[in-house]
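>>> Return a 3D structure for these sequence lines:
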Amino acid sequence: KEVYDYVRESDATMCHITSEDWKEYYSEHYSEKDLRTVDILSFTFYGMMLFAVLLYYSTPIKYRWVILLGFSVYFVFHANGIKLALYMAFVIVCTYVISLLLDKYREKQRLCKAILVLGIVINGTSLILMKELNFFLNTTRIAASVFGKVLPLSPVSILAPVGISYYTLSLTGCLLDVYW
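Next up is the predicted model:
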């Protein structure tokens, strides 16, 4: 909706949004660092993938997970920068710690349920904040202005990747698997 309003304001005769409109909108609202992406049609991408596959199959089976983890972190960091890498690290560590607690207190049902709910709330809240943070900031600023208060809340430039919901909900599924 924000992009549509931006385009509608800039050219009232437009009937559809073109890729150039997206580029213009994002170049004005996000820095170049925020727009960094991995081009999957580039030679560099295919070279890194070939290197990853060769390294994976030349590593003993016991340590292959380290290769997968390393290249996953590299691609996430290279494609999305430090913001998404920190988000992923936070959610992974929380899920891991909560999984350990679920396993440790398996015999105490009430405590185990409370830990599970905490894990689901942490994962859900982090996902909602990742995707809807600017909505909450704008709503808070507008609500404060109704009461005569001025809050200096500015939008945060976070580009959430397409699969972030699937990723976060998969981690929630892992918590449920440990619980059951």
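
>>> dump the residue contacts of the spatially closest residue to L101 that is not a sequence neighbour.
Take L101 and drop its neighbours on the chain: the residue closest to it by CB to CB, 6 or more residues apart in numbering is I115, 5.0 Å away. In short, each C-beta sits where N, CA and C put it, glycine included. Taking CB atoms under 8 Å, 6 or more residues apart in numbering as the criterion, I115 is in contact with 98, 101-102, 105.

>>> and which of those residues is nearest F135?
When the contacts of I115 are compared for distance to F135 (CB to CB), I98 wins out at 27.0 Å.

>>> Is the closest one in contact with I122, as I believe?
Yes: applying CB atoms under 8 Å, one finds I98 in contact with I122, separated by 7.4 Å.

>>> For the helix or strand hosting L133, the averaged confidence score.
Using DSSP states H and E, L133 falls within helix 109-146. Over the span of helix 109-146, the pLDDT mean works out to 85.

>>> For it, what is the distance to the chain centroid?
The chain centroid and the centroid of helix 109-146 are separated by 14 Å, computed with CA atoms, centre = their mean, to the nearest Å.

>>> What is the neighbour count of the closest residue in space to L116 that isn't next to it in sequence?
Sequence neighbours aside, Y179 is the residue nearest to L116 in space, at 4.9 Å (criterion: CB to CB, 6+ apart). Neighbour count of Y179, defined by other CB atoms under 10 Å: 17.

>>> Not counting its own residues, what contacts the one helix or strand Y166 maps to?
Counting by DSSP H and E, the secondary-structure element that holds Y166 is helix 164-179. Taking contacts as CB under 8 Å, 6+ apart, the residues outside helix 164-179 that touch it are 84, 88, 91-92, 95, 98-99, 102-103, 112, 116, 119-120, 123-124, 126-127, 130-131.
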